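J.: structure for the following, please:
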Amino acid sequence: MSIRTIAVLGAGAEGRVFAAAALVAGYRVVLEDFRADFLRDAISAVRRAVEETALQGPPAPPPEQITSRLCAARTVEDACREGAELILDLMTDEPELKLEIFTLLDKFAFPGAICATSAASISIAELGAMTYRPELCVGLRLAQRDARPMLEVLRSRHTLDSAVAACCEFAQRLGWESAVRAESALPQPGSATGTGESAPGRSAIIVAAMGLADKIVLQQGDITDMDVDAIVNAANNDLQLGGGVAGAIRRKGGDSIQRECDEIGSIPIGGAAITGGGKLKSRHVIHAATMALGGQTTAGALRASTAHCLRIAHERGLRTIAFPAVGTGIAGFPLSECAAIMLHEVADHLRAATSLETVYFVLFDDRALRAFQSEFAAMKARGEFGEAGAIAPL
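T.: Model prediction:
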């Protein structure tokens, strides 16, 4: 994970320390606080700290060049929109506030961004459970060792090694020591294990008995008539249900789906959000933000949004999900590339423990179906599924 931009939520003393140190280390920094006067004072204080550091240290760029990488934000949403790869929450340590912040981070943070917090009142596992990215949630706490700054990195059971490594590299670039430890997760309401971790999905038990390729079904049909746990809408990032499949979802599912989308608001391209299924046979609709309103799909957006849809389905304990082909129509993305990206993301997801038992690709014409069948057959020939599997007949 490469970190170039840091968002610091909370412009108090600790936030100013992080902001100044990150600027001197070469990062771009977004400093957020809802209090306008307090934020202005913090920006001034950070600039003074950078100037003092520049005077004491070895030759470096002029202070004004360093502080040109500093910008201010008044809301969590605005801070996230700056595209930070690491977002550090240093706000007041109150459990309800922390849960609210992580809900906002999951909604607005760039896909792949690490969501970090200094919280001591609530576990990283519990905060991660509020998101669809628990593997990217960590604790970061500023401490001291022998009068030198030290960054304590706390990981939950879900936290990726790569996220921990990125945080340690961040500390190293700041010139700080780092120490990694696993936290003892606080019990969560409704947890079957009492450890703060969710119970495994049913497919974790049957995964050995069911071949990977057998979990992927390619077929023609109308995705809006699928009787599954969730269907996927290839959405724009403003979640407006316009024409095509999205329009059919609104017509058949009723206005309640669009109302839920309006409440969610805009989401990052490459992200996804879930709503109820309204009057549809499907219980849910997962809206994958594959493009801007009226724009084009890119490989990165398609890959990220597909992975996000699968993660949402697993976190909700869903067993069946249906994807459409999103490489046609206004998206203008080549179908063969669309098939390769989506099938590989699904295969990668199914290799891990997941609640999903069947993933459908519902293609609306022969050309789309052939494109997906061709890529599916090529993946089988390369042994990417580990064993033979059957494509659903036409």
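J.: count of neighbours near residue 144?
T.: For residue 144, the neighbour count with other Cβ atoms under 10 Å is 10. All C-beta spots, glycine's among them, are computed from the backbone N, C-alpha and C.
J.: how about residue 350?
T.: For residue 350, using other Cβ under 10 Å, the count is 22.
J.: so how far is the strand or helix carrying it from its chain's centroid?
T.: Assigned by DSSP states H and E, residue 350 belongs to helix 335-351. Distance of helix 335-351 from its chain centroid, counting by Cα atoms, centre = their mean, to the nearest Å, is 18 Å.
J.: packing partners of that helix?
T.: Helix 335-351 is packed against strand 216-220, helix 299-315, strand 358-363, helix 366-381, with contacts defined by 3 or more Cβ pairs under 8 Å, 6 or more residues apart in numbering; DSSP states H and E.
J.: relative orientation of it and helix 299-315 in degrees?
T.: Orientation note: helix 335-351 sits at an angle of 30 degrees relative to helix 299-315 (axes from the mean of the first three to the mean of the last three Cα atoms, to 10 degrees).
J.: contacts for helix 335-351 next, please.
T.: Identification of contacts with helix 335-351 by Cβ atoms under 8 Å, 6 or more residues apart in numbering yields 212, 215-216, 297, 299, 302-303, 306-307, 310-311, 314, 323, 325-328, 356, 359, 361, 367-368, 371-372, 374-376, 379, 384-385.
J.: still on that earlier bit, out of the helices and strands packed on helix 335-351, nearest to residue 104?
T.: helix 299-315 (16.3 Å; Cβ to Cβ).
J.: what's the angle from that closest one to strand 358-363?
T.: Interaxial angle, helix 299-315 versus strand 358-363 (the same axes, to 10 degrees): 140 degrees.
J.: beyond helix 299-315, next helix or strand please.
T.: Next along the chain after helix 299-315, taking DSSP H and E as the criterion, comes strand 320-324.
J.: between helix 366-381 and that following strand, find me the angle.
T.: Angle, strand 320-324 to helix 366-381, by the same axes, to 10 degrees: 120 degrees.
J.: ok and strand 320-324 relative to strand 216-220, angle-wise?
T.: 50 degrees.
J.: tell me what strand 320-324 is packed against?
T.: If contacts are counted by 3+ Cβ pairs under 8 Å, 6+ apart, strand 320-324 sits against strand 230-236, helix 299-315, strand 358-363.
J.: and residue 157, that one's in a helix?
T.: No: Residue 157 is assigned coil when assessed by DSSP: H, G, I helix; E, B strand; the rest coil, not a helix.
J.: name the SS class of residue 71, please.
T.: Per three-state DSSP, the local secondary structure of residue 71 is strand.
J.: grab the nearest non-local neighbour of it.
T.: Excluding the flanking residues, the one nearest residue 71 by Cβ to Cβ, 6 or more residues apart in numbering is residue 30, at 5.5 Å.
J.: so what pLDDT did the residue most central in space within the chain get?
T.: Closest to where the C-alpha atoms of the chain average out (Cα atoms, centre = their mean) is residue 111, at 4.1 Å. We have a pLDDT of 86 for residue 111.
J.: same check on residue 180?
T.: You'll see residue 180 listed with a pLDDT of 94.
J.: pretty sure it is touching residue 166, no?
T.: No: the pair residue 180 / residue 166 is not scored as a contact, 11.8 Å apart, by Cβ atoms under 8 Å.
J.: which of these two has more neighbours?
T.: The neighbour count for residue 180 versus residue 166, taken as other Cβ under 10 Å, is higher for residue 166 (19 against 16).
J.: circling back: would a markdown table of the helices and strands packed on helix 335-351 with mean pLDDT, distance to residue 157 and mean neighbour count be doable?
T.: Shown next, in a markdown table, are the helices and strands packed on helix 335-351 (pLDDT from 0 to 100; distance: least, Cβ to Cβ, whole Å; neighbours: other Cβ atoms under 10 Å):
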| stretch | mean pLDDT | distance to residue 157 | mean neighbour count |
| --- | --- | --- | --- |
| strand 216-220 | 89 | 28 | 19 |
| helix 299-315 | 90 | 15 | 22 |
| strand 358-363 | 91 | 25 | 23 |
| helix 366-381 | 87 | 31 | 17 |
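J.: any chance of TSV for those, columns distance to residue 89?
T.: Shown next, in TSV, are the helices and strands packed on helix 335-351 (distance: least, Cβ to Cβ, whole Å):
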stretch	distance to residue 89
strand 216-220	38
helix 299-315	21
strand 358-363	34
helix 366-381	40
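J.: how about residue 315: what's its closest non-neighbour residue?
T.: Residue 315 sits nearest to residue 132 (Cβ to Cβ, 6+ apart), 5.5 Å away.
J.: ok, now which ones touch that neighbour?
T.: Shown in contact with residue 132 (Cβ under 8 Å, 6+ apart): 106, 272, 308, 311, 312, 315.
J.: repeat for residue 113
T.: The neighbours of residue 113, taking Cβ under 8 Å, 6+ apart as the test, are 80, 84, 85, 86, 87, 105, 136.
J.: and of the helices and strands packed on strand 320-324, who's closest to residue 23?
T.: For residue 23, the closest of the helices and strands packed on strand 320-324 is helix 299-315, at 28.0 Å, according to Cβ to Cβ.
J.: what helices or strands is the closest one leaning on?
T.: Using 3+ Cβ pairs under 8 Å, 6+ apart: helix 299-315 touches strand 272-276, strand 284-291, strand 320-324, helix 335-351.
J.: I appreciate the help and will end here.
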